[in-house]
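> return a 3D structure for these sequence lines:
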Amino acid sequence: MKIASEESRRTLIELCLPALAIVTPDILRRLLRALDAEVGCDVLETVHMVLAEAVNNVVEHAYANRPNGAVAISVSRGRTALTIELRDWGAPMFGIPDGIAPDPSELAEGGYGWFLIRSLTSDVKYDRAGCCNRLVLSLPL
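Next up is the predicted model:
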């Protein structure tokens with residue numbers, strides 16, 4: 001999958017860590033620390049919410065019923081957007097949910113994550129090559 005090039009991008013951070021719920025706070029801490037000097041507080045808060053949901057989805061769904069796995073994350077900055085790429089080698093996604101808000105009266109436990117991700121990003125792309133899932137999220141600056 002090729003990302004539409006609005007301008008040249010500069011990689012801010014790349015990391016690959018175990019996809020475990022206990023590691024997720026460390027992943028978020030490292031990413032936010034790397035972005036702190038690059039983006040404003042409002043963008044930083046948005047990145048935190050989007051990444052928390054996306055990494056949580058990898059941990060809970062891609063590696064469900066699997067003892068181990070990894071998530072690789074790369075964040076790059078362009079003139080008008082931040083691009084976040086997540087890769088994992090877990091179960092494939094069968095399309096990205098449409099992001100329609102769940103009905104709060106139904107008290108569903110799930111379904112809010114993709115709504116949040118879609119509402120906070122300007123673009124969401126997913127593909128699978130071989131055994132690798134690739135999710136690319138764009139956030140306007």
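> what's residue 59 sitting at in phi/psi?
For residue 59, the backbone dihedrals are phi -60, psi -50 (criterion: degrees, to the nearest 10).
> burial measure for it, as a count.
By the measure other CB atoms under 10 Å, the count of residues near residue 59 is 22. Heads up, the C-betas are built off the backbone N, CA and C, glycines and all.
> pretty sure it sits against residue 20.
Yes. Between residue 59 and residue 20 a contact is recorded at 6.4 Å, counting by CB atoms under 8 Å.
> quick check, central residue of this structure?
residue 54 (3.9 Å; CA atoms, centre = their mean).
> quick one: contacts for that one?
84, 86, 117, 135, 137 (CB atoms under 8 Å, 6 or more residues apart in numbering).
> so which of those is the closest to residue 27?
Closest approach to residue 27 among the contacts of residue 54 (CB to CB): residue 86, at 10.1 Å.
> hang on, the closest one in a strand?
Yes. Under DSSP: H, G, I helix; E, B strand; the rest coil, residue 86 sits within a strand.
> pretty sure it sits against residue 58.
Yes. Under the criterion of CB under 8 Å, residue 86 makes contact with residue 58 at 6.6 Å.
> all strands of the protein, in order?
10-18, 70-77, 81-88, 123-129, 132-140 (DSSP state E).
> the second one: how far from the chain's middle?
So that's strand 70-77. 8 Å (CA atoms, centre = their mean, to the nearest Å).
> and for the third one?
Averaged C-alpha coordinates place strand 81-88 at 6 Å from its chain's average position (CA atoms, centre = their mean).
> next: the shortest one.
From the chain centre to the centre of strand 123-129 is a distance of 11 Å (CA atoms, centre = their mean).
> tell me which residues of the lengthiest helix in the chain are tucked away?
Identified as the longest helix of the chain according to DSSP state H is helix 41-57. The neighbour-count criterion (16 or more other CB atoms under 10 Å) identifies 46, 47, 50, 51, 52, 53, 54, 55, 57 as the buried residues of helix 41-57.
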